[in-house]
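Whatever this is, show me its structure:
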Amino acid sequence: MRRGILIALLVPAVAFAGPKKKKKKAAAPPPPVEEKKEPEPAEEKAAPTPEPPGTPTVPTTTKPGTAPATSGPLTTKPGTPTVPLSGTTAPTGTPAPTPSVAPPKEEEEPPAKEGKDVDVDALRQEYLSLRDELFKSRARANAVASQLYSTRVSIKFSWGSARHYGVSKASIRLDGATVYEDTTGAIANDDGVRFNGFVAPGRHLITFHVEAAGKDDDSFTSSTESQVVVKAVANKDLMISAKGRDNGDIAYEWKRSEKGSYGLGIDVSVKTAAAAGAKK
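The predicted structure is shown next:
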């Protein structure tokens, strides 16, 4: 009894424990076959409508680089006037109108002004009268100047150290105005007159200026200036004589013993003299 019960229980268990069958995968459907399409017949171009007889054609022009229009020639009905389009040219055989150019206007000369006749005689008389007045004015000015500037001044200027020092510049000023200036060393060559002129009687200021350089060593330079006051006497000549110098030895002694000196100075002498042509 027990065996029968066990057998009955084992049989279904063994049946369930048997190997299971694997399920087959479904096969993929084949790719769809593309149907070959037949090429469609090309559309037939519409034939251009024939123009009625006697209708003129208006050709169109295109600008360079612009594709021509695809439309056919323009047609008009018989008896209808053609209107020219912008950018079109006139039909073949018809000359294009040329713009009218106005001729340049000639410059009109201004009418000559009618002036009054010039009186030459009156102008000559006026000129002569002005010239006479000018001569009289000059004569009066000379007379005043002869009374005012009655003193002749003569100025001499020389250089007394030409052996060791050369003059690079020399000048004379009379009352602030330069009356003599030289850069050639003329005062070292002679004691000539550097200025000769007239001044008014009275007090005057004279300035002498000298610039010099050593001949043995031109790196040693000097400059000296002296101012003096003189008095001019009416109807007498004034004689002024100046002499510059440098008695120092630095220009030639420095190379020997590295020592030296400057001896700058200007000596001035003044005196009056009887005027030339004056009665004694």
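
Every contact and neighbour count from this point should use C-alpha atoms.
Fine.

Could you list the low-pLDDT ranges of the stretch 101-250 of the chain?
101-118, 142, 145-147 (pLDDT under 70).

what are the ranges of the helices in it?
120-148, 250-257 (DSSP state H, counting those that start in this stretch).

Format the CA atom coordinates belonging to stretch 176-191 as PDB.
Presented in PDB, the C-alpha positions along stretch 176-191 are these (Å, rounded to 0.1, in the frame of the first residue of the first chain):
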ATOM      1  CA  GLY A 176      73.600 151.200 -26.400                       C
ATOM      2  CA  ALA A 177      73.700 151.000 -30.200                       C
ATOM      3  CA  THR A 178      76.400 148.900 -31.800                       C
ATOM      4  CA  VAL A 179      78.600 151.100 -34.000                       C
ATOM      5  CA  TYR A 180      81.400 148.600 -34.600                       C
ATOM      6  CA  GLU A 181      81.600 144.800 -34.600                       C
ATOM      7  CA  ASP A 182      84.400 142.500 -36.100                       C
ATOM      8  CA  THR A 183      85.200 138.800 -35.900                       C
ATOM      9  CA  THR A 184      88.400 138.800 -38.000                       C
ATOM     10  CA  GLY A 185      90.800 140.200 -35.300                       C
ATOM     11  CA  ALA A 186      91.200 143.600 -37.000                       C
ATOM     12  CA  ILE A 187      91.900 145.400 -33.800                       C
ATOM     13  CA  ALA A 188      95.000 143.200 -33.300                       C
ATOM     14  CA  ASN A 189      96.500 144.300 -36.700                       C
ATOM     15  CA  ASP A 190      96.400 148.100 -36.400                       C
ATOM     16  CA  ASP A 191      95.000 151.000 -34.300                       C
END
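
How about that stretch, which residues are buried there?
179, 185-188, 191 (16 or more other Cα atoms under 10 Å).

Correct me if wrong: R173 contacts T207.
Yes. Using Cα atoms under 8 Å, R173 is in contact with T207, at 5.1 Å.

Report the beta-bridge partner residues of F195.
With DSSP bridges as the criterion, F195 is bridged to I155.

who are the neighbours in contact with it?
Contacts of F195 were listed using Cα atoms under 8 Å, 6 or more residues apart in numbering, and they are 153-156, 179-180.

closest to R245 among those residues?
Lowest distance from R245 to these (Cα to Cα) belongs to K156, with 14.5 Å.

tell me, how many neighbours does the closest one end up with?
20 (other Cα atoms under 10 Å).

what does V199 give?
V199: 22 surrounding residues under other Cα under 10 Å.

which ones are touching the nearest residue to it once chain neighbours are set aside?
If the residues on either side of it in the chain are set aside, V199 comes closest to Y149, at 4.7 Å by Cα to Cα, 6 or more residues apart in numbering. Y149 sits next to 198-201 when contact means Cα under 8 Å, 6+ apart.

swap in K259?
K259 neighbours (Cα under 8 Å, 6+ apart): 250, 253.

quick one: it is in a helix?
No. Under DSSP: H, G, I helix; E, B strand; the rest coil, K259 sits outside any helix and is assigned coil.

can you pull up the bridge partners for T221?
A213.

what helix or strand does I266 sit in?
For I266, the enclosing helix or strand under DSSP states H and E is strand 264-274.

what does that strand contact?
208, 224-226, 230, 233, 235-248.

now with 10 Å?
For strand 264-274, the surrounding residues in contact (Cα atoms under 10 Å, 6 or more residues apart in numbering) are 151-153, 155-161, 208-210, 222-233, 235-248, 280.

before we move on, back to that, return the backbone torsion pair for the residue nearest to V199.
phi -100, psi 70 (degrees, to the nearest 10).

Let me have the buried residues of stretch 176-191 in JSON lines, extended by distance to Y252.
Below are the buried residues of stretch 176-191 laid out as JSON lines (distance: Cα to Cα, whole Å):
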{"residue": "V179", "distance to Y252": "34"}
{"residue": "G185", "distance to Y252": "20"}
{"residue": "A186", "distance to Y252": "23"}
{"residue": "I187", "distance to Y252": "22"}
{"residue": "A188", "distance to Y252": "19"}
{"residue": "D191", "distance to Y252": "26"}
